[in-house]
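Chemist: Got a predicted model here, sequence first, then my questions.
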Amino acid sequence: MQRLIGLLEKRSAVILLIGLVIAFSGTDSATFATGSNFQNIARQVSLDAPMVFGQAIVLIAGGIDISVGATMAMSAALAIGLQPYGTFTAVCGALGFGLLLGLANGLLVTRGRIVPFVATLGTMSLVNGLLLTYTSQRSLVGSDDAFAWWGGGQIGPLPVPMLVVLVLLGGLWVFLERTRQGRNLYAIGGSNDAAFLGGVSVEKGLLVAFILSGMLSAVSGILVAARLDSASVQLGGDAPLMSISAALIGGASLLGGKGSIVAAFFGVLALGVLNNGMNLLGVPTYTQIAVRALILIAIVAVDALANGLRRRNLTASRIAE
Amino acid sequence: MTNTTVKSGDRPGFRQALLGYRADARVLRWLAPLRNHTALVLLIVLLIVGSLSSGVFLTPRNLLNILWAVSILGIVALGQTLLLLTCRFDMSVAAVVGFSGIVTVLAQINGLDLYASIVVGLGAGALVGLCNGLIVLATGANPFLITLGTNLLIYSISLSLTRSKTLYATAPGFNELGRGQLFGFLHYSVVLFILLAVVLQFVLSRTIFGRTIFVVGLNEVAGRLSGLRIQSTKLAAFVLCSTLAALAGIVMTSRINSTVANAGFGMEFDSIIAAVLGGTSLFGGRGGMLRTIVGVVVLGVMNNLLILLNVPIEAQQIAKGAVFLLVVWADSALRRN
C-alpha cells in the first residue's frame, strides 16, 4: 500500500499522461493521434509551462503563489502595450514587472511574515487592479510580427515557445539539482527550522523562489502575448488553480520539500493532453470546468492524505525507538 | 464590541514600534481602544473626509444606500468570519451565492411556492458547506485549495443548470425580500444583516458552540483534551458559512428578480477583506460579528466615496488590494508580538 502511494506520488504525472494518451487515442484516434495535434498540444502547453515551473519552485520551498495568473496577464499586457518603445523594451518591461512582483511577494512573506497564500492573494488583487487600470478593460493588439514569431513560429517540427520551455527546463533542472541555492530550497521546504540551523538563509531562499516564480510567470505572459499577438484582462483567470494542479500532479507537495521540475513539466503536459482531448471529443465547457475542479480537489486531498500517513509513520517509528 | 481573547495593551513591542518610544501609561490607555478598533477609527475618518469632499455623501439617503449596497456582502462576510475564527477559509462562497439563487429560481419555475423555494435554496448552500467540511475534515487538506476547487465545481454546475443564461424568478412577493423596506426607509436586507450579526455574536459569546469556535481557532488540541466536540463544531462552521452565503444569494436574486451563475463574483475575496478589516484575525481565535459589520461598512463607504469622487472603477480594485495587504500585515505584526 505504502509503495503504491509512493509510486503514485513520484510517477503520477507520467502515469496519468500515458493513460490519457492511450484513452484519447482509443476513442478518437483520427484527430487526436496526429502529428499536427501533438504540435498543437505542445504549443498550448508551452504557454503554461513556465508559470507551472515557477509554482513548482515556490511549492518546493514550502510556499505557494496565487498571484501567478495576475502576473502573467499583466506581463502580457506590458509586452504588448510597451511595443511602441521597441519590442526589446517591452519584453524587458514585462520581465522586470515579474521580478518586481516576485520580490514584493518574497518580502511580504519573509519580512512581513504574512502566510504565503494570503500575501500572494493580496498582490493578486493589487495586480488585477493595476491591469484593469493599465488596459482600461480593452484588449491590446500587438504591432510587431517578429515578436509574434516567438509564439506562433516553428523551427523544424518544434514550436518556438516549446523550445523556450525546453531551454528553461534544462536551466531550472541544473539550478534545482546541481546548485547549492537549488538544494537549499528543498531543505527550506522540508523544514524551515532545520534548514536555518543547518546554516541556510531561509529568507534568501524564499526570496529567490518567489522572484523566480514572478519572472517565470512573466515569461508565460510574454509567450501568451506573442501567441495571441494581443493581451486582455481575461487572461490568467484559472492560472492559480491550473498551475497548482499541474505542480501537485508532478509530485510537489503543499507541505514543501518535494517535487521536481521535470515532473512538473509532465504534470502540465498531462493537463494539456486532457484539455485537448476533451475539446476534440466536444465535451461542454462546464463539464470541462467541473473535471478541472475535481482534479484539483482530488489531488489536494490525496496530497493531504499522503502527508498525514507519512506523519503517522514517523510518529510510530519514533515510539518504536 | 467583544474582543474576548486577546487583551489589548500587553504588546510592548508593537507599542514601541508604533510610537517609537516608551510612552506614558496614560497616553497608552487612551490609544489602546484606537488600536483595537482600527476599522471604527477608519470609518470615522472616512465619514469626515466624505462629508468634506462631497455634498451628497452625508445625506441619510446616501448612507442608507451604502448600507443597502453592502448588506448582501455583509451576510456572506458573517459566515466567513465564523470560519476565520476557526482559522479556516471558504473560497466557495462566491459560487454558492450564484448557485443558491439559481436553485431557488429553478424551484419556483418548477412550481414550488415562495417559502419552499427559499428553503430549497438554503438547503443547496448547506449541502455545499457539508461537502466542503467533510472533504477538509476527512483528509486534513488545506481548506483554501479545497474550497477553491469546490468553488469551480459549483460554478460549473450553475452553468450547466442555467445553460449560461439568466433565469427570472416567478414567485409573487419574492421581490419584496430584496427591495422591500421596513417603515418605508430601512431595507429588509439591511435589517436581516444586522439581526443576523447580533444573533451570531450572541451565539459566539454565550453558547458552548460559540466558545468552542474560538477554542478551535486558538488551540485545537487543548480543546479536544478538554472534551469539546471539535470535529462537529468545525463541520457546523463550514455548513453555517455556506448557508449564510446561500441566504445572501437568495437576497441578491430577489433584489433583481433574476440570477446568473457568476452573481457572486469576487465575493470570496471581499468577504475575507471585510472580516479582516473589521479586526477578525486570519490566524483564528480573534474577532467577532459586530467587528465584521464595521468592516463591511468601511468597505461600502470606501467604494461609495471613490464613486462620488469619480475615481475610475479600475482603481477601486487597487485600493481594495492595498487595504487588504495593509490590514493583513498589521494582523500578523500584532500576532507576533
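Modeler: Nice, thanks for sending it over.
Chemist: How far off centre is the one helix or strand residue A:54 maps to?
Modeler: Taking DSSP states H and E as the criterion, residue A:54 maps to helix A:35-60. Centroid displacement of helix A:35-60 relative to its chain, using CA atoms, centre = their mean, to the nearest Å, is 7 Å.
Chemist: again, but for stretch A:199-208
Modeler: Going by CA atoms, centre = their mean, where stretch A:199-208 is centred and where its chain is centred differ by 21 Å.
Chemist: What of stretch A:64-75?
Modeler: Stretch A:64-75 has its C-alpha centroid displaced from the chain centroid by 10 Å (CA atoms, centre = their mean).
Chemist: taking the mean pLDDT, what do you get for that stretch?
Modeler: Regarding stretch A:64-75, the rounded mean pLDDT is 94.
Chemist: how about the CA coordinates for it, as CSV?
Modeler: C-alpha atoms of stretch A:64-75 as CSV (Å, rounded to 0.1, in the frame of the first residue of the first chain):
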residue,chain,number,x,y,z
ILE,A,64,2.5,28.9,-2.6
ASP,A,65,1.9,31.6,-5.2
ILE,A,66,-1.7,32.6,-6.0
SER,A,67,-0.6,35.7,-7.9
VAL,A,68,0.9,33.8,-10.9
GLY,A,69,-2.2,34.3,-13.1
ALA,A,70,-2.4,38.0,-12.5
THR,A,71,1.4,38.5,-13.0
MET,A,72,1.1,36.5,-16.3
ALA,A,73,-1.8,38.7,-17.5
MET,A,74,-0.1,42.0,-16.5
SER,A,75,3.2,40.9,-18.2
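Chemist: tell me which parts of the stretch 1-150 of chain B are close to chain A?
Modeler: Counting by CB under 8 Å from any CB of the partner chain, the stretch 1-150 of chain B comes close to chain A at B:135, B:139-142, B:144-146, B:148-150. C-betas here are computed from N, CA, C, even on glycine.
Chemist: need these in CSV with pLDDT, secondary structure and neighbour count, can you?
Modeler: Formatted as CSV, the residues of the stretch 1-150 of chain B next to chain A follow (pLDDT from 0 to 100; DSSP: H, G, I helix; E, B strand; the rest coil; neighbours: other CB atoms under 10 Å in any protein chain shown):
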residue, pLDDT, secondary structure, neighbour count
B:135, 94, helix, 21
B:139, 89, helix, 19
B:140, 86, coil, 13
B:141, 87, coil, 23
B:142, 85, coil, 20
B:144, 89, helix, 21
B:145, 89, helix, 28
B:146, 92, helix, 26
B:148, 90, helix, 25
B:149, 92, helix, 28
B:150, 94, helix, 26
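Chemist: how about those in JSON lines, adding distance to residue B:274?
Modeler: Output for the residues of the stretch 1-150 of chain B next to chain A, formatted as JSON lines (distance: CB to CB, whole Å):
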{"residue": "B:135", "distance to residue B:274": "26"}
{"residue": "B:139", "distance to residue B:274": "29"}
{"residue": "B:140", "distance to residue B:274": "28"}
{"residue": "B:141", "distance to residue B:274": "26"}
{"residue": "B:142", "distance to residue B:274": "22"}
{"residue": "B:144", "distance to residue B:274": "17"}
{"residue": "B:145", "distance to residue B:274": "22"}
{"residue": "B:146", "distance to residue B:274": "22"}
{"residue": "B:148", "distance to residue B:274": "19"}
{"residue": "B:149", "distance to residue B:274": "23"}
{"residue": "B:150", "distance to residue B:274": "21"}
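Chemist: tilt between the helix or strand that the helix holding residue A:54 is followed by and helix A:35-60?
Modeler: Downstream of helix A:35-60, the next assigned helix or strand under DSSP H and E is helix A:68-81. Put simply, helix A:68-81 runs at 120 degrees to helix A:35-60, going by axes from the mean of the first three to the mean of the last three CA atoms, to 10 degrees.
Chemist: Toward the C-terminus from helix A:68-81, list the very next helix or strand.
Modeler: helix A:87-110.
Chemist: Where does pLDDT dip in chain B?
Modeler: B:1-36, B:335-337 (pLDDT under 70).
Chemist: Pretty sure residue A:251 sits in a strand.
Modeler: No - per DSSP: H, G, I helix; E, B strand; the rest coil, residue A:251 lies outside any strand segment and is coil.
Chemist: which element is the nearest residue to it once chain neighbours are set aside on?
Modeler: Using CB to CB, 6 or more residues apart in numbering or on different chains and skipping residues adjacent in sequence, the residue nearest residue A:251 is residue A:263, 4.4 Å away. Using DSSP H and E, residue A:263 sits within helix A:261-280.
Chemist: Kindly report the same for residue B:57.
Modeler: For residue B:57, there is no enclosing helix or strand under DSSP H and E.
Chemist: near chain B at all, the helix holding residue A:54?
Modeler: No - Helix A:35-60 lies out of reach of chain B by CB under 8 Å from any CB, never closer than 11.5 Å.
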